[in-house]
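> predicted structure and sequence below. I'll ask about it afterward.
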Amino acid sequence: MRWLVRVGSTLGVLTVAVLSALGVLMFPPSIAIALILGCAVGLTVAMSGADGDQPKANRRHAQHRGLGWGTVTATGCLSVVGLVVALGPAAGYLLLAVPVVIAAALLMRRSRIMHTDAPAEKAAVMIAEVIEEPLEPAEPLHELATEKLCLLWRRSYTRLQHTSSPTSMSRTSALRKDILDELERRDSDGFERWLGSGARAGSNPTRYLTGLS
């Protein structure tokens, strides 16, 4: 899929370059028009971040952004002239389609961002729940089902990663030691398989234990 995007981007750049050159050759005054529009847009964008109260890095970023938008505007103006020269009246239909294509691209980008952020937001909510709710089970560890014991092992790791309280860290570490002891007592062979696989502090031992894989 990436190669398709690269090919499309390359073709788009070449098309814009050809149309711009055609616009300059067939209608030389378009250069002056493009420069005026490009400078106007670029200065407007750059001035938006030129406030003296803004940090220097922000002002520099606004200047770079103004230069970029000015270049895009000037190039777009030349491309439109070249398109009109090449296609005549038919270019009007293509120009009308441009806003539709841009709007569709923006909607797709927004949808992709929302879908990308959703898993992160869900993970943040789960972490918050693990941190806030009591970790110690109401029942003794030896009465818990093995699946719940494995889940408690993973949740206790999340608690350790997101707590700064010495008391909480000490209690959670002690609980994790008891969980390991209970898992080894229930299924020593499965416990050894898990350790032999390179078990990490937050890994899931479930698939190594007898009857749970």
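Looks like it arrived, so ask away.
> can you give me the helices for the protein?
Taking DSSP state H, the helices of the chain run over residues 2-26, 30-47, 56-87, 91-132, 146-161, 166-186, 188-196.
> of these, which shows the lowest average pLDDT?
In terms of mean pLDDT, the lowest-scoring of these is helix 91-132 (a mean of 55).
> domain assignment for the chain?
The chain breaks down into these domains under automatic domain parsing: 2-120, 134-208.
> redo the ones you listed as TSV? Include mean neighbour count.
Heads up, the C-betas are built off the backbone N, CA and C, glycines and all. Output for the domains of the chain, formatted as TSV (neighbours: other CB atoms under 10 Å):
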stretch	mean neighbour count
domain 2-120	14
domain 134-208	14
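> so T210 touches D189, yeah?
Yes. Counting by CB atoms under 8 Å, D189 is a contact partner of T210 at 6.9 Å.
> got phi/psi on F27?
Here is the backbone geometry of F27 (degrees, to the nearest 10): phi -150, psi 80.
> distance check, it against S20.
Distance of F27 to S20, given as CB to CB, to the nearest Å: 11 Å.
> equivalent analysis for T172, please.
Taking CB to CB, one finds T172 at 64 Å from S20.
> ok, L135 - contacts?
152, 155-156, 159, 171-172, 175 (CB atoms under 8 Å, 6 or more residues apart in numbering).
> tell me the one of those nearest R200?
Ranked by distance to R200 (CB to CB), the contacts of L135 are led by S156 at 13.5 Å.
> right, and the closest one touches R176 too?
Yes. S156 lies in contact with R176 (CB under 8 Å); the separation is 5.0 Å.
> for the closest residue in space to I179 that isn't next to it in sequence, what are its contacts?
Nearest residue to I179, sequence neighbours excluded (CB to CB, 6 or more residues apart in numbering): W153, at 5.0 Å. Residues in contact with W153, defined by CB under 8 Å, 6+ apart, are 176, 179-180, 183, 204-205.
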